[in-house]
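>>> structure for this input, please:
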Amino acid sequence: MKAPERLRRIEELLGQHDFVDLATLARDLKASESTVRRDLDQLAAKGLLKRTHGGAMAIEHKSDEMNFVARDTRQAEEKELIARAAAGLIQDGMSVIIDGGTTTYHVAKQLTGKRIQVITNSLPVANLFSNTSTIETIVCGGFIFPRLGVFLGPLAEETLSKVHADIAIMSAGGLTEEGITNSNNLIVAVQQKMLAAAARVVLCLDHTKFGRRALSFCAPLEKVHTLVTDKATPRDQIALLEKHGIEVLVAG
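Numbering: from 1, shown residues only. Next comes the predicted model:
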């Protein structure tokens, strides 16, 4: 692919996803990472994007897909039901990893009366617990991904690689028979550390995420122990999960 085509494709991807990491761009453009870096620097010099750790971000966001507040209003009733069911799996004395999705934020709101230890890369979750004396909160380091409010990058990954939790409460951008996916490689890299750190993984997904494949692959279904979803999830999708040995809880 020639340089002008690569530049157009980078702008197109940023228009769709707001943030794209270097590895994904290199794979999509069939170019080396050093070539992609030069392309990004060229577009950044023209003011067409913002360079970030490991990739690039659109300056003028064309959608609210990654906006935490806007995303939190979607399937709000389903998220609340899922959150209550997932929170019922967490007992006093547990150590709990909570990732940065909007559904997991609803789970966190259901935990405020419990005596637990929380490890999170989510600023909204950390702020929620900041004045809660019964919950000890550990926040990952790293750089803050704007608007979603999560810590990402090597520091966040290193923190999670050094902890162990009884349970991880996680979300995803999509789920198919191949596994779980999310919106970019930086989020996925942190989630993979969470998966490795937890004795039990609870995935919280509303029905809109089933059959959907997001940009970056995170993990096969076998990494998930329990999935909590809502009544609108098709029965064949539930059967697929059960075939892979996953416990499925249908909330509400």
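>>> what stretches of the stretch 51-200 of the chain score poorly on pLDDT?
60-75, 147 (pLDDT under 70).
>>> which stretches of it form strands?
Ranges of strands within the stretch 51-200 of the chain are 55-58, 95-98, 116-120, 135-139, 143-145, 150-152, 167-170, 174-176, 179-182, based on DSSP state E, counting those that start in this stretch.
>>> out of those strands, which comes closest to K223?
Closest to K223 of the strands of the stretch 51-200 of the chain, according to CB to CB: strand 179-182, at 7.7 Å. Yep, even glycine has a C-beta here, placed from its N, CA and C like the rest.
>>> just give me how far that closest one sits from the chain centre.
Mean-position distance between strand 179-182 and its chain equals 9 Å (CA atoms, centre = their mean, to the nearest Å).
>>> which secondary structure elements does it contact?
Strand 179-182 makes packing contacts with strand 174-176, helix 185-197, strand 216-219 when contacts are defined by 3 or more CB pairs under 8 Å, 6 or more residues apart in numbering; DSSP states H and E.
>>> name the residues that touch that strand?
For strand 179-182, contacts defined as CB atoms under 8 Å, 6 or more residues apart in numbering pick out 172-175, 188, 191, 203, 212-221, 223-224.
>>> from the residues you listed, which would you call buried?
Buried members of these, scored by 16 or more other CB atoms under 10 Å, are 172-175, 188, 191, 203, 214-219, 221, 223-224.
>>> which of the residues you listed sits closest to A108?
Checking the buried ones among the contacts of strand 179-182 against A108 with CB to CB, the nearest one is L203 at 15.4 Å.
>>> partner strands of the helix or strand containing the closest one, parallel or antiparallel?
Secondary structure assignment for L203, by DSSP states H and E: strand 201-204. Sheet partners assigned to strand 201-204 using DSSP bridges are listed as strand 167-170 (parallel), strand 226-230 (parallel).
>>> in CSV: the helices and strands packed on strand 179-182, plus distance to V228.
Formatted as CSV, the helices and strands packed on strand 179-182 follow (distance: least, CB to CB, whole Å):
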stretch, distance to V228
strand 174-176, 12
helix 185-197, 16
strand 216-219, 17
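>>> any chance of the strands paired with strand 201-204 in CSV, with mean neighbour count and distance to I97 too?
Below are the strands paired with strand 201-204 laid out as CSV (neighbours: other CB atoms under 10 Å; distance: least, CB to CB, whole Å):
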stretch, mean neighbour count, distance to I97
strand 167-170, 28, 4
strand 226-230, 24, 14
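>>> adding distance to R8, write those strands out as JSON lines.
Output for the strands paired with strand 201-204, formatted as JSON lines (distance: least, CB to CB, whole Å):
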{"stretch": "strand 167-170", "distance to R8": "35"}
{"stretch": "strand 226-230", "distance to R8": "39"}
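>>> need the contact list for G149.
Counting by CB under 8 Å, 6+ apart, G149 makes contact with F68, G100, S122, L123, P124.
>>> wait, which of these is closest to V163?
Of all the contacts of G149, S122 has the smallest distance to V163: 15.1 Å, by CB to CB.
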